[in-house]
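> just to be clear, the model below is a prediction. Sequence and coordinates:
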Amino acid sequence: PAARKRIAISDVRTPPDAPGTALRFGITARYLFGAPMAKAQVNWEAREERVWPWDVRIPGLDGWMIGNNTWESSRDSGFAGTFASGVDTLDDRGDRTIPVNVPARANGQTSRVVLAAAVTDVNRQVVGSVTSTIVHPARFYMAAQVVSQSWFWQANAAPRIRVRTVRPAGEAQAGGSVTG
């Protein structure tokens with residue numbers, strides 16, 4: 001019988017600062033009994049997917065809005081789809097780090113980079129795995145919250161809106177200013 005195998009794509013080793021920077025994904029392949037799949041071939045593909053503003057989860061921002069939540073934002077936004085792929089070889093430990101340059105975008109939207117990898121052993125059996133990470137468009141977000149007891153805004157009455165600046169992990173970001 002064929003030996004069972006497992007592959008793991010570790011968490012991103014170098015989190016991206018923003019689009020246009022590099023990610024480093026770690027790939028590890030082992031046989032079920034723990035031996036490394038040394039010198040095995042790995043095929044990989046990186047793709048970018050849109051993350052809608054309501055899908056971005058930032059701790060402490062429940063009830064706040066971030067990103068472009070207009071109907072206009074649903075149009076094609078220039079996401080790359082598959083933007084990088086390659087064939088590589090695992091080292092003697094069954095490991096490989098895959099560097100991936102995240103495409104730069106001018107639209108300021110959050111995206112998800114997905115890395116799929118498939119490792120082929122000497123018997124041409126293939127095992128694969130997929131992982132992803134969020135790429136934030138900037139080092140911090142401006143979050144807005146409407147302060148109202150009504151579902152409707154009144155004509156000739158300015159709505160009260162609270163604004164916060166926060167980092168993707170939820171910490172407050174000092175120094176943000178809002179005009180308008």
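Cool, the structure landed.

> going forward, measure contacts between C-alpha atoms and count neighbours the same way
Will do.

> just the strands in this protein please.
Along the chain, counting by DSSP state E, strands occupy 5-12, 22-31, 41-50, 81-89, 95-101, 111-120, 126-135, 141-147, 160-166.

> quick one: list the elements packing against the last one.
The reference is to strand 160-166. Applying 3 or more Cα pairs under 8 Å, 6 or more residues apart in numbering; DSSP states H and E, we find strand 160-166 packed against strand 141-147.

> for the strand it packs on, which helices and strands make contact with it?
Helices and strands touching strand 141-147, by 3+ Cα pairs under 8 Å, 6+ apart, are strand 160-166.

> and stretch 45-63, average pLDDT?
The pLDDT scores in stretch 45-63 average 87.

> can you pull the buried residues of it?
Neighbour-count burial for stretch 45-63 flags 45-53, 56, 58, 61 (criterion: 16 or more other Cα atoms under 10 Å).

> check contacts around the residue nearest the centre of the chain.
For the chain, I134 is the residue whose C-alpha lies nearest the centre (Cα atoms, centre = their mean; 1.9 Å). By Cα atoms under 8 Å, 6 or more residues apart in numbering, I134 lies in contact with 110-113.

> give me the pLDDT for it.
Confidence score, pLDDT, at I134: 85.

> bridged to it, which residues?
Under the criterion DSSP bridges, I134 forms beta bridges with R112.

> which of the contacts of I134 lies closest to V146?
Nearest to V146 out of those is T110 (Cα to Cα; 22.2 Å).

> count the residues that sit near the closest one.
When counting by other Cα atoms under 10 Å, one arrives at 21 neighbours for T110.

> in the chain, where is pLDDT below threshold?
Low-confidence segments of the chain (pLDDT under 70): 1-20, 69-80, 106, 176, 178-180.
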